[in-house]
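A.B. asks: give the three-dimensional model of this entry:
(one chain, ligands or ions: 1)
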Amino acid sequence: MKKALKALAIIFVAAISIAICSTAAYSQKIINNEADALAVYAQAKAFVARYKMSVPRDVILRLETEAQIQSDFSRQGRSGANVEAYYQPYGPECICIPEGLSETEFFATAVHELTHAWQSSACPMQDRSFKEGLSSWMTAQAYQSKGRVDLAINYLNYISRTDAVENQTVNKLNMIFRSKGIDEVINYVTSNSKYTE
Ligand SMILES: [Zn+2]
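C.D. replies: Next up is the predicted model:
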């Protein structure tokens, strides 16, 4: 009974947050020039540093058009893949993000890719879904930090439909973070190479 009440309370709070988010006026600035992109990228770097995942290197930011990203993908043998941001570990090390995202989406995307940059040196030998679990958990944290619980929920719903292990990892990290904090999250992800119960 207590559990059911707790679940109801969580749903209720989430519903209120969504209602607030959809009525409040959010900045819908679209990021399509380098100066704006670098300003939001700096915020994203500060955000990952607060979560103790700062990257001790200067990772280049590339703002590209969808067409440029498609041509990067065909060079990488991924032609036909959806236009999406990516982290490239070398040649040169960089984060590439498409133009045209809203400021909040750009921020959350940069946080996701900066987390991959941190993983590439802190815990490079990981199962793909487990690795994505941490980066996607950080994406959700980034949305929430901007008051966009609705976007965090949408994002996590998408993961729950597409990758079971990634979804389990996100849930586990949430649980560890709430009960023990970020140090234990870092400890868990750096001492495991795949999802463990
Ligand atoms: Zn990723």
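A.B. asks: from residue 115, how far off is the closest residue to residue 66 other than its chain neighbours?
C.D. replies: When the adjacent residues along the chain are set aside, residue 66 lies closest to residue 83, with 4.5 Å between them (C-beta to C-beta, 6 or more residues apart in numbering). Yep, even glycine has a C-beta here, placed from its N, CA and C like the rest. Look at residue 83 and residue 115: by C-beta to C-beta, to the nearest Å, they are 20 Å apart.
A.B. asks: ok, residue 91 next?
C.D. replies: Plainly put, residue 91 is 20 Å away from residue 115 if you go by C-beta to C-beta.
A.B. asks: what do you get for residue 193?
C.D. replies: Between residue 193 and residue 115 the distance is 16 Å, computed by C-beta to C-beta.
A.B. asks: more neighbours, these two?
C.D. replies: Of the pair residue 193 and residue 115, residue 115 is the one with more neighbours under other C-beta atoms under 10 Å, namely 29 against 14.
A.B. asks: mind telling me what element that one is part of?
C.D. replies: Taking DSSP states H and E as the definition, one finds residue 115 inside helix 103-122.
A.B. asks: going by neighbour count, list what's buried in that helix.
C.D. replies: Counting neighbours by 16 or more other C-beta atoms under 10 Å, one finds that the buried residues in helix 103-122 are 103-120.
A.B. asks: contacting residues for the residue of the chain found nearest the ion?
C.D. replies: Scanning the chain for the residue nearest the ion gives residue 135, at 4.5 Å (criterion: C-beta to the ion). For residue 135, the contacting residues are 112, 113, 115, 116, 119, taking C-beta atoms under 8 Å, 6 or more residues apart in numbering as the criterion.
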